[in-house]
Each structure stands twice: as C-alpha cells, then as structure tokens.
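A.B. asks: Next one to model:
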Amino acid sequence: MEYVGLLKDMWSSISNYFNYHKILNENRTTLREKRKRLECREQDINTELENAQYNRRKKVKREVENWLMEVQLVKDSAQQIEQKAGERRYFSRFSFLSQFEANMKKVDEMFELGNFPNGILIDVHQDEGNALLTAQLIGETTAKRNLENIWTCLEKGEIQSIGVWGMGGIGKTTVVTHIHNRLLLNRDTFGHVYWVTVSKESSIRRLQDAIAGKINLDLSEEEDEKIRAAFLFEALEKKEKFVLIVDDVWEVYAPLEVGIPIGVGRGKLIITTRSRDVCLRMGCKEMIKMEPLSEKEACELFNKTLERYNALSQKEEEIAKDIIKECGHLPLAIVTTARSMSVVYSIAGWRNALNELREHVKGHTIDMENDVFKILEFSYNRLNNEKLQECLLYCALFPEDFKIRRVSLIRYWIAEGLVEEMGSCQAERDRGHAILDKLENMCLLERCENGTHVKMHDVIRDMAINITTKNSRFMVKIVRNPEDLPSKIEWSNNVERVSLLVSHNISTSMFVPNWPKLSTLFLQNNGLANPFIRGLDGLPNSFFVHMLGLRVLDLSHTDIAFLPDSIYDKVKLRALILFDCPKLKQVRSLAKLKELRELNLGDNQMETIPDGIEKLAHLKHFYWSSASFFSNLLSNPLSNLLSNPLSNPLSNLVQLQCLTLADQRLPDVGVEELSGLRKLEIIHVSFSSLHNFNSYMRTKHCQRLTHYRVGLNEFGFLPGEKIGFSKEVIVEAYKLKGGKDNDDYHLVLPTNVQFFMITKCHLPTSLPDVSQSFKMATDLKACWISECEGIEYLWSVEDCIASLNLLRIEKLQSLRVLFKLRPTNIVCCSSLKHLYVSNYGNLKHLFTPELVKYHLKNLQTIHLSNCKQMENLIVVVEEEEEEEEEEEEEDINEMNNLILCFPDLQSLALEGLPKLKSIWKGTMTCDSLQQITVLDCPKLKRLPLSLHINNGEGERRASTPSLKRIRGEKEWWDGLEWNTPPHAKSIFQPITPFEKLLPRNSLTIHFVNEVKDIFEEV
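C.D. replies: Below is the predicted model of the structure:
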C-alpha cells in the first residue's frame, strides 16, 4: 500500500509538471503576441512623428517621449524572458511563470497608455520674440540671488504675480531681462512670454494697447476700457499658459481692469517698479526687493567700468572704496561715478572727488530716492560749467525714453544761448556735438540710432527734473485731456522752460500764463501722445503777452490754424519753429522779430510766405518747404526778394548761413543775389532753368558751401532727406540734348559734388554727353540714374569717374551695355565698389571678362533685380569685325575657360531675373564673398564657385572661406548642378536658408546704408 501511495504522489508531481509546462508555453506565446501588438502601436507613433518632423509649429509631447523610452524597456524585458525560458531545462522553467505574467501585465498597460486621445503633438509658441540684449550680472551673490529668487517664485504654482521693486538704477530691468531670456528657453513649462514697457505717463488704455500688440489683437475700434479689457482677457485666456512682464510701472493697474487673466491654470505676471505700494495694490503675491551690491561686487563693477590700463595705487584704491561706499553700492551710481573718474589720474583729483561726494551725501536716510539723485548729481556737478549743466537739464524737456535728434537739440541750445555764437554754423554745430560727446562719455546721455540721436536714462532724467523743480524752473507735461493741463498753481512765475506735448484740442481750456522768465516753450505733438491726433488748433490772442523773455517757440506737428497776435512783438524771440503745421495757411509780418536766428516753415501748406523776412538782419537759418500742389506762383514780398535784381533785399540777410527753398511755386532764386550771401554754408534750392542752374554751379560761392542740395527742376523725395546732407546735385524731368558746347545743352557740375542723381530725364547717348564736367568731379562718390530715356551706355571705360564708389541705375530702357569698352592699358573704375542695377527690359548681359579682369575687380557689392531679359551676368561679346569665324570661336572658348577673380566681392544678389542662365560659364574665385542671394531665377542651374577638396584626410574647403550665407528658394537649390564631386553641395548646405522673396525696397535699403557715409545731419 505504501508503494501504491508513492506511485500516486509521483504521478501527481509529473502531471503538475506537464500542466505547468503547457501553461508556460501558452503564456510565452501570448506574451509574444502582446509584444508584437505593442510594437505595431510604437511603429504607428514613430511614423506620425517622422511625418511631423518638418512642421515647425508642432513638436512631440514629453509624455510621448517618455512612453517610447519605457516601451523599449518593456520590449527588452519580454524578449529576455522569452529567450531564457527557451534555453533552460524543463525542471528549471517553473520560476518563469510568475515573470511571464508580470511582463504580460506590463505590456497590456503600456499598450493602453499608448492611446493618447489628445494627440501626440503640441503647438510650438513662436510669437514671444527673441532674447533681449542685457548687461552681464555682476557678482555671484546679490544679483544671482535676486535672479534665482524670482525664478523660484515662477516655478511655484501658487504664486501667479511677482513684484520686483527697488530704487532707480538698482538693476531691476537687467535682472528681469535675464528672467525673460530664461523663460524663452523653458516655453514648454511656462508657455508664451511677453515683455511690455510702460512709463510714468502711461494709462490703462495705453497698457492695453501695448499688450494687445504683442498678441496681434486689434483694439483700435473699441473705446470703452471695460469692453477692451474683456476682449484682452478672453484673448489671453486662450493662451492657457503665459508670463507677462510689465517693466517700469509707476501707477497702479489692477490686472482685471486691464484685462490680464492671472491665476491657477492661467497666466503669471511680473512687474518692475520703484514703489512697494504699487506691488501691494496690484496684488503681487510675492514681492522681491532689489538690494544694492555687496562691497566686493560694487568694487568689481567700479573697476570694470573704470577701465584703467594701470592698476590703481594703494592710496587710490583706498579712496575708491570710500567713493563706492558713498555711492550706496547702487549700480547706476557706481557706473556713472567710475566713468567720471576714468579721466582723473592725480591723487589730489581723487581726494577732491571724494570730498565733493561727501558734501552732497551726508548720510543715508529712509528716502533712498533722494540719495540716488544726490549721487547722480555728483557727475552733474563735475561738469564744472553752468552752460554744460543747462544743456543736460534741457534734455529733460523731452519725454521719457524719447530719442532726441542731435542736430535739433543743438539748434535749440544755440537759440537759447547755451552754445555761444561763433563764426559759422559748422563751428557752432561742432561745439554742440562736443558737448553731447562729453555728456555721453559721462553716462549722462546715451547714444542711439547709430549716433544721430541721444536718449536720457530715466533716472538721470528724474535727477534733472528734481534739480529744476526745486525752484519751479521747468514744467514738462504730456497733455491727452484738458484735465492734464497744469493748474494755475503749477504755472509758476519763475518757470523758465515749458514742454507741453498735446494730443487733444486744448485751445478752449488754455488761459493766459504769467511767465515773464520763460525762455523756451515746446507746445507740440511729436507723436508720443497720440500720432493720429494733433490737437492744439488755436491759442488765445493774448497767450504770449507776459512771455517777455521768450527765445525758443516750437509749435511743430500741430493743427494750429493761426498764430496769436501776441507772438508778433516778441522782440527777444530767436527761434520760431512751425514745422508740419498743415492748417496754418498764413503768418503775418515778422518784421518786429529782429532777434530771430532760426525760422523753420518746413513741410507747410501756406498760401503765402510771411512779410518782413527781409528785415530780419540776424536770421541765420531759414527753412521753407512745401508739398502744396497749388500751381500759382507765390505773390508776396519774398518772391520779389528772390527774383528782383534791382531791389536786392537779400543783401539785408547778411548773417544767413542755412537756406532751404523747396517749393515748386517759387521762382528761380537770383544767382547774383544768392552769391551775395557771403556767410551761407548750407543751401537747398532748385532752378527751373538750365541756364540759371549752370550759372550758379560756376560760381565760387557754390564751391565754398559746406553742404548743398542744388536741383534742376527738382522738388521730389531725395534719399538724403532721411540721412542728412552732402554736396548733392539732383536733376529731374528735364530734356538734356547734349552735342553742343553751350549752356543750353550741357549740365555744369561743381568739382566737389559728392552725390549726383538724375531721374525721369531725356538724355543723349552717354553721361559725358550730358555733362563734360564729369571728368573734373573728383569728389563724386555716388551716382543714381533712374527712369531716363535715350541713354545707351553710361560712359567709356577710360572716361570712368575716378572717385566713384557707388553706382545705382534703374529703368533705363535704352541702355545696351553698362560701359563701352575700348582697348586701354589704364586700369579704370578701380574705386567702384557697389553696383545696383534694376528694372531693365532689354539688357541681356552686364559685364565682359575684360571689364571684370581689368576695371571692376574691386567691386564689393553686385545687386541685380527685375531685369527680365538678362541671360548672362558675364559673357564674352563677339567682335563685329572678325575675319576668321573658327579663330573667333576658339577665342570665345578660351575666354570662357578663364578663371575670373573678384577678390573683394562680399555680396552678390540676383533677384527677378527669369531668363538668367549663367553668372559666368567659367570659374570665379571670390575669397571675400560673404553672401549670395538668388531669388526668382529659375533657369540659373550653376554657381561658378570653385571648390578645393582634399580627399586624403577627408577635409573639404570652398574657395570662398568667408561665405556665411546662401539665400534662395528650396526648389532652386535642389535643382542646382555641380561639376565638382557629388558631396560638394553639402559644403554649403548648412549656410543656405530657404526664402521666397526679399523684403520690399531691399535694394533702396542697401543703397541708403552704403551711401549714408557721405551724408551728414545738419
């Protein structure tokens, strides 16, 4: 019986073994099927991702990326279990049963997670703009700690609004700019990023407009602020996640009233302000105070700004530490003070500077703002010149962050007497520029717009206003509503300078101020208040009665329709500026304004020129320009002044230095009368008669001018108007016959002309036939020929203008060749560096190899556009008289095999040339080439750039090592044929952005950028 029981136990064990074996094999099969099903879903997702990889507006979700990585781990684990189970003996496979079950469960779980019902891609945010330029953070503690504190608050979900506050110049904007740039790198977490800057004069409406502009929301049609807020709220709420940075907040703007949705699941708000109260009242959940630098950080910033070649002596270092301490470790104060000390090299100078600082800063008080002003006043006081200080304070008349045109500011200073009168306007202007340079070098002004404008830092401006308001000397207001007008209490009798920028009709709200000491009054609209509403259509007749000392009056850009009677007897007035006053049709006699130095009636719509101008013996600057289309000549005294040689009243204006008369209604100015103005330095006039034009061009008076724009039948737009003056001659819509040596046929040019433009004229065969004086124009730098008929070639190569640097030609339908080439051993056109050719209907080629090889090899820019018939850029031209055709063909083949060299060529642009087949059939070497642009040139299949490829070490180098960019359409690039090895194309692939078209007026933009060096703001 025991034996039978033993057999039963053995059979039970064997039976269980085979049952486990059967289950294990079934599970193994099931796991394999489940794994394959998971692999199919993985392949489908990968295929969808591959299809979306070129869609820049979409990218893969993070959860999808994580799922794909985990799927790979699950697959690997399942395969390992299957493999191990197959390799082991039967009795060792029992332990795999539980592992198979766990793997099947995990595979099922991953399969379900791979559904992604909301898709596998998310939108990429592209409307936040680029990273902002900012200064390097000084110090590893204070600045970085402030930065990380703000970042930590952003990462906390419960904090939706952050206020960054501190005194002016402490570095709030700098730190928040770094935050902005870091946010752009973390858009997946924070969403859209928007930056808006406000100012003291801002409002809810302006803030709404600024934010709306960032998200392309048009609120211009809606006036009600609450409805505007609702629109803005709805648009921002659709963004789901965003961070809005509002910089330089002075007033309280409740987010809900503006239309900013902040909160969980919405947006986050960061503001910078000087006021802790603003943070509290705007509901900031976290407030971060910007603290001054530590002693070590302050010293590091001071020494970095000082930029001394030699190390400071021990005594200087000790004084420097005391100076830094007196600056309160404020970054802006340290920078300003260090710049002031950069030119102090004696120990006595250092001690004196410290003493001056201590006299102004006698101790830190709770009112840190006043300490800042006192610190900044250190640089102001170190100007050591009352007029220089007044020049700086004068800049406070302009709005915050306003870019002030340098030459306009200098003219205000001259009229005010802040720049002393000198022998010439050039000398006075140079003196003004020297003052501006000094103010810039001391960090009291900032240079902008490529040096043509200056800007006042807001803290420096606050300091200046703080100085001037101590005794009510200045008043600066932006007037958008009658309520913004100063009260009678504010209209102090002591006020000396007033700037009211108006965008509302305030004529009915104005009363007669009692300002006996007033010297400057700006009552204008410069577009800051509202560029579409000029305001100020009139003033009370007695408005100027009590302004006995008024020297400068600027009413520009307003709708003023008449001048008050009280202005006409202001005997101390030195500058009257009425630029762009379209509703001002008449100005009465100015004969009583005997101290007037500047009269600006530019861009006017007046029906008559004011009487009495001939009696203004001190007048130095007279500007008259009009776009009026009235055909009648102006019947007024100035017409006689300009045209009557008998009376010659121009002789009274003996001080005139700058004269602009740009109005087609005016008769030609008399040449003798014009030449009689001995002090004239700058002139803009136009003659309707070639005889009168030539007569003036021959005078020594013309040669003595520092700047001129003299036209023949010219009253249109000139490129120099936006970039200054040079020595220019403009000819427009005139028939020049050529062929005879007298004034009725040839144009006379001054030898010192720098810029020559001729447009819409009928010309003879070539430019030398237009003017024989081209050869003597030794200073001519730029030439622009446009829309002229009759001209077949510009000039023969040997007649090329030796000094010519830039040539632009367009719409010359009769032009057959650029230059006529004759055998010569003399290298010509060697100074020509920039060539712009556009809009030709018949020109089939531009250059010949001989022209390139001997005369044009110094070209830096070649820009061709819209030449519909052009087939070749450079081509061998067959000679008309050739005896042997075979020899001719051999010569042409030999020429086509030439290697042409453009050693200085930096930019080659070809646009809108539908028939262009080749640039050059041979090879070109362009070692300086930086950019190639090819757009809308479908037949151009080859770039003639040589390549040198070293296959030995796998190195590949183009013959244009400086090439940075090839711009063109993708279809064109893909169709390019290469004679070099197949992989040559890949050398240039990384520098080829694909584009469809260049910006509009790109040729003009390039042209103006190149030609601006010969123009000067005057």
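A.B. asks: Okay, the residue nearest the centre of the chain and residue 524: tell me how far apart.
C.D. replies: Geometric centre of the chain, nearest residue: residue 449, 7.6 Å, by C-alpha atoms, centre = their mean. Computed as C-beta to C-beta, to the nearest Å, the residue 449 to residue 524 distance reads 20 Å. Every residue, glycine included, has its C-beta placed from N, CA and C.
A.B. asks: separation between residue 409 and residue 386?
C.D. replies: Using C-beta to C-beta, one gets 18 Å for the distance from residue 409 to residue 386.
A.B. asks: The two: who's more crowded?
C.D. replies: residue 409 (21 against 9; other C-beta atoms under 10 Å).
A.B. asks: Unless I misread the structure, the more buried one falls within a helix.
C.D. replies: Yes: counting by DSSP: H, G, I helix; E, B strand; the rest coil, one finds residue 409 located in a helix.
A.B. asks: thinking again about what came up before, contact partners for the residue lying closest to the residue nearest to the centre of the chain once chain neighbours are set aside?
C.D. replies: The shortest distance from residue 449 to any non-neighbouring residue, by C-beta to C-beta, 6 or more residues apart in numbering, is to residue 403 (5.9 Å). If you count contacts by C-beta atoms under 8 Å, 6 or more residues apart in numbering, residue 403 has them with 448, 449, 453, 454, 455.
A.B. asks: and those as JSON lines, adding secondary structure and distance to residue 183?
C.D. replies: Output for the contacts of residue 403, formatted as JSON lines (DSSP: H, G, I helix; E, B strand; the rest coil; distance: C-beta to C-beta, whole Å):
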{"residue": "448", "secondary structure": "strand", "distance to residue 183": "26"}
{"residue": "449", "secondary structure": "helix", "distance to residue 183": "29"}
{"residue": "453", "secondary structure": "strand", "distance to residue 183": "31"}
{"residue": "454", "secondary structure": "strand", "distance to residue 183": "32"}
{"residue": "455", "secondary structure": "strand", "distance to residue 183": "27"}
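A.B. asks: Between those, which sits nearest residue 577?
C.D. replies: residue 453 (17.8 Å; C-beta to C-beta).
A.B. asks: In contact with that closest one, which residues?
C.D. replies: Contacts of residue 453 were listed using C-beta under 8 Å, 6+ apart, and they are 403, 404, 405, 406, 447.
A.B. asks: how far away is the fourth one from residue 454?
C.D. replies: By that I understand residue 406. 6 Å.
A.B. asks: intersection of neighbour lists for the two?
C.D. replies: Counting by C-beta under 8 Å, 6+ apart, the residues touching both residue 406 and residue 454 are residue 436.
A.B. asks: burial count for residue 222?
C.D. replies: 14.
A.B. asks: start to end distance for stretch 81-100?
C.D. replies: 7 Å (C-alpha to C-alpha, to the nearest Å).
A.B. asks: Secondary structure class of residue 167, three-state.
C.D. replies: Using three-state DSSP, the secondary structure recorded for residue 167 is coil.
A.B. asks: From residue 152, how far out is it?
C.D. replies: 23 Å.
A.B. asks: So for those two, which residue has more residues nearby?
C.D. replies: residue 167 (21 against 12).
A.B. asks: Is that one in contact with residue 275, as I believe?
C.D. replies: No: taking C-beta atoms under 8 Å as the definition, residue 167 is not a contact partner of residue 275, at 10.2 Å.
A.B. asks: circling back: check pLDDT for the contacts of residue 453 and point me to the minimum.
C.D. replies: Lowest pLDDT within the contacts of residue 453 is found at residue 447 (86).
A.B. asks: before we move on, which element is the closest residue to that one other than its chain neighbours in?
C.D. replies: Once flanking residues are discounted, residue 447 sits nearest to residue 440: 5.3 Å by C-beta to C-beta, 6+ apart. In this structure, residue 440 sits in helix 425-441 according to DSSP states H and E.
A.B. asks: Can you mark which positions in that helix are buried?
C.D. replies: Applying a neighbour-count criterion of 16 or more other C-beta atoms under 10 Å, one finds 425, 426, 428, 429, 431, 432, 435, 436, 438, 439, 440 buried in helix 425-441.
A.B. asks: Out of the residues you listed, which comes closest to residue 817?
C.D. replies: Using C-beta to C-beta, the buried residues of helix 425-441 come closest to residue 817 at residue 426, 42.7 Å.
A.B. asks: what sits against the closest one?
C.D. replies: Residue 426 sits in contact with 681, 706, where contact means C-beta under 8 Å, 6+ apart.
A.B. asks: For residue 416, see how far away it is.
C.D. replies: Noted for residue 426: a distance of 19 Å to residue 416, by C-beta to C-beta.
A.B. asks: so what's the backbone phi/psi at residue 624?
C.D. replies: Note on residue 624: backbone dihedrals following degrees, to the nearest 10 are phi -130, psi 120.
A.B. asks: how close does it get to residue 701?
C.D. replies: Going from residue 624 to residue 701 by C-beta to C-beta gives 20 Å.
A.B. asks: Where do the helices of the stretch 551-700 of the chain begin and end?
C.D. replies: Counting by DSSP state H, counting those that start in this stretch, the stretch 551-700 of the chain has helices at residues 637-643, 671-675, 690-697, 700-704.
A.B. asks: which of those is buried the deepest?
C.D. replies: Most buried of those, by mean neighbour count (mean count of other C-beta atoms under 10 Å): helix 690-697, with a mean of 20.
A.B. asks: Okay, strands next: where are they in the stretch 351-500 of the chain?
C.D. replies: Under the criterion DSSP state E, counting those that start in this stretch, the stretch 351-500 of the chain contains strands at 404-405, 446-448, 453-455, 474-479, 497-502.
A.B. asks: Worst mean pLDDT among those strands?
C.D. replies: Across the strands of the stretch 351-500 of the chain, strand 474-479 gives the lowest mean pLDDT, at a mean of 80.
A.B. asks: which residues of the stretch 851-1000 of the chain score low on pLDDT?
C.D. replies: Scanning the stretch 851-1000 of the chain with the threshold set as pLDDT under 70 gives 877-897, 946-961, 978-985, 987, 990-991, 994-1000.
A.B. asks: Tell me if I'm right that residue 578 and residue 590 touch.
C.D. replies: No: shown here, residue 578 and residue 590 do not form a contact pair, counting by C-beta under 8 Å, at 11.0 Å.
A.B. asks: who has more neighbours, these two?
C.D. replies: Shown here are residue 578 and residue 590; by other C-beta under 10 Å, residue 578 has more neighbours (25 against 21).
A.B. asks: State the distance from the more buried one to residue 625.
C.D. replies: Residue 578 is 12 Å from residue 625, by C-beta to C-beta.
A.B. asks: can you check residue 213 too?
C.D. replies: Distance, residue 213 to residue 625, using C-beta to C-beta: 33 Å.
A.B. asks: and those two? which has more neighbours close in?
C.D. replies: A count of neighbours by other C-beta under 10 Å puts residue 625 above the other of residue 213 and residue 625, at 18 against 13.
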